[in-house]
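K.L.:
return a 3D structure for these sequence lines:
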Amino acid sequence: MAPAPPCKTLCLNDSFIDITISLYHYSKQKNGNGYRFPPMDRLLHGLRAAAEQTRLRILGLCAHGDLAVTELVEILGQSQPRVSRHLKILIEAGLLERHQEGSWAYFRIAEQDGSGQLARLIVDLMPEDDPQHTLDLARLDALKEAYAVKAAAYFRKHAADWSRVRALHVDQEKLDGALRQIFAERGGGELLDIGTGDGHVLEVLQDRIDAGIGIDRSRDMLNVARSRLFRAGLRHCQVRQAEMAQLPFAADRFDAITLQMVLHYAHDPAAAIQEAARVLKPGGSLVVVDFIPHDRRELREEQAHRWLGFGDSTVAGFFHDAGLKARPPKRLEGTPLTVALWAADKPANDRQSTPQGKESRA
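P.N.:
Numbering: from 1, shown residues only. Predicted coordinates:
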């Protein structure tokens, strides 16, 4: 058996001197698990980018969720220009990715298989008892608490309205159980939760998926969702700002998609389903959770519901027009409103025939 090639070692200072990355081990991961890794020059680029203490600290922090520049400045205790320069280097190396929400930019570990896998490997090798890393995580926890305070204030402001709507339909635990059952039959892979709100669906399905992205148009709700994900420690889930009618993702990306209590807000529900079907992988599943037809007009007037529920045939038509094969619906009786769970699958041989643009990244 041929000897292993030499290791690449990150020797930064006494804090992280024990971190060693074996390129031999990394290539075995590639061959054994089918991962796609970057060419050798990109791998070396990533290693060089990570080989600096502040950038290692940034990787360790961003592995826990989305963080803005101002938040990293607060935790690291460094100037914004200096932190921004480090972020630029990490992004150019493919170790971090950036996405925009209005005037705010958020950073997290890259999703792409090659450099993203390298970034996660580096983070996993960080010593848990390192004093600097421990202090950074303590400051991150304090930041989470600040998120929680803001989220609680937003909840208090809107709690009465949300409680009135929840009181009209089946108990939330029964609804969560029905959704989990669908994913027990076909779980795993990457989930897109459209209209994620406070991130509830991501938390409910956290152990049924490998990774999850929640999108919402409201920055206030995204802040609530980030607080929820932080507190639950869901490092494999993230949220970002986007519109359901124009998803910023490439075709055939997600293994599963959920729209829970969001379709009744859509200006054009059929178009929303077609857009969801576009980014669904062949063989993937789409689940819509919403009300069946009802006459509670106050929901339109007070809660901005555009549609007072949907019939089974209507949703089946949405699925058919989007090229999806519907499954039998499931109903959860409530007083006075009944909730339905409509699921459909994208045929496994239904791959986009025309090239699609790459995923949009802010």
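K.L.:
quick one: the strands in the stretch 1-150 of the chain?
P.N.:
8-9, 20-21, 67-68, 96-101, 104-109 (DSSP state E, counting those that start in this stretch).
K.L.:
walk me through the domains of this protein.
P.N.:
Using automatic domain parsing, the domain parsing of the chain gives 8-136, 168-345.
K.L.:
any chance of those in CSV, with mean pLDDT too?
P.N.:
Shown next, in CSV, are these (pLDDT from 0 to 100):
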stretch, mean pLDDT
domain 8-136, 78
domain 168-345, 92
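K.L.:
identify, out of those, the most deeply packed stretch.
P.N.:
domain 168-345 (a mean of 19; mean count of other Cβ atoms under 10 Å). C-beta here means a position set from N, CA and C on the backbone, and glycine is covered the same way.
K.L.:
state the distance from the spatially closest residue to residue 275 that is not a sequence neighbour to residue 301.
P.N.:
Closest residue to residue 275 apart from its sequence neighbours, by Cβ to Cβ, 6 or more residues apart in numbering: residue 247 at 5.6 Å. Per Cβ to Cβ, to the nearest Å, residue 247 is found 29 Å from residue 301.
K.L.:
partner residues bridging the residue positioned nearest the centre of the chain?
P.N.:
Residue closest to the average C-alpha location in the chain (Cα atoms, centre = their mean): residue 213, at 2.0 Å. Bridge pairing for residue 213 (DSSP bridges) gives the partners residue 192, residue 238.
K.L.:
my guess is it meets residue 189, correct?
P.N.:
No - using Cβ atoms under 8 Å, residue 213 is not in contact with residue 189; the gap is 12.0 Å.
K.L.:
before we move on, the earlier item: any chance of the domains of the chain in a markdown table, with distance to residue 146 too?
P.N.:
A markdown table is the format used below for these (distance: least, Cβ to Cβ, whole Å):
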| stretch | distance to residue 146 |
| --- | --- |
| domain 8-136 | 9 |
| domain 168-345 | 9 |
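K.L.:
if we can go back for a sec, Throw the strands of the stretch 1-150 of the chain into a markdown table and include distance to residue 262, thanks.
P.N.:
What follows is the strands of the stretch 1-150 of the chain, written out as a markdown table (distance: least, Cβ to Cβ, whole Å):
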| stretch | distance to residue 262 |
| --- | --- |
| strand 8-9 | 46 |
| strand 20-21 | 42 |
| strand 67-68 | 26 |
| strand 96-101 | 19 |
| strand 104-109 | 22 |
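K.L.:
between those strands, which gets nearest to residue 122?
P.N.:
In terms of Cβ to Cβ, the element of the strands of the stretch 1-150 of the chain nearest to residue 122 is strand 20-21, at 6.8 Å.
K.L.:
re earlier: quick one: closest of the strands of the stretch 1-150 of the chain to residue 310.
P.N.:
strand 96-101 (30.0 Å).
K.L.:
strands paired with that closest one, and their directions?
P.N.:
strand 104-109 (antiparallel).
K.L.:
only alpha carbons, please: show the strand it pairs with as PDB.
P.N.:
In PDB, the C-alpha atoms belonging to strand 104-109 read as follows (Å, rounded to 0.1, in the frame of the first residue of the first chain):
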ATOM      1  CA  TRP A 104     -28.400  43.800   5.300                       C
ATOM      2  CA  ALA A 105     -25.900  41.100   4.300                       C
ATOM      3  CA  TYR A 106     -25.700  37.800   6.100                       C
ATOM      4  CA  PHE A 107     -22.900  35.300   6.000                       C
ATOM      5  CA  ARG A 108     -22.700  31.500   6.700                       C
ATOM      6  CA  ILE A 109     -20.700  28.400   5.800                       C
END
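K.L.:
chain center to that strand: distance?
P.N.:
12 Å (Cα atoms, centre = their mean, to the nearest Å).
K.L.:
would you mind pulling the contact partners of that strand?
P.N.:
The contact list for strand 104-109 (Cβ atoms under 8 Å, 6 or more residues apart in numbering) reads 58-59, 62-63, 65-69, 72, 87, 91, 95-100, 116, 119-120, 123, 219, 238, 240, 362.
K.L.:
in the stretch 251-362 of the chain, which spans are strands?
P.N.:
Using DSSP E, counting those that start in this stretch, strands in the stretch 251-362 of the chain cover 254-260, 280-291, 325-326, 330-332, 339-345.
K.L.:
residue 243 and residue 78, how far apart?
P.N.:
Relative to residue 78, residue 243 is positioned 35 Å away (Cβ to Cβ).
K.L.:
for residue 139, same thing?
P.N.:
Residue 139 is 12 Å from residue 78, by Cβ to Cβ.
K.L.:
then residue 297?
P.N.:
According to Cβ to Cβ, residue 297 stands 55 Å off from residue 78.
K.L.:
kindly report the same for residue 169.
P.N.:
For residue 169 relative to residue 78 (Cβ to Cβ), the value is 49 Å.
K.L.:
with residue 196 instead?
P.N.:
32 Å.
K.L.:
backbone phi and psi for residue 246, please?
P.N.:
Main-chain torsions, residue 246, degrees, to the nearest 10: phi -150, psi 80.
K.L.:
ok, it touching residue 274?
P.N.:
No - checked against Cβ under 8 Å, the pair residue 246 and residue 274 is beyond contact range at 11.7 Å.
K.L.:
picking that back up, with distance to residue 207 added, can I get the strands of the stretch 251-362 of the chain in TSV?
P.N.:
Formatted as TSV, those follow (distance: least, Cβ to Cβ, whole Å):
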stretch	distance to residue 207
strand 254-260	14
strand 280-291	17
strand 325-326	27
strand 330-332	21
strand 339-345	19
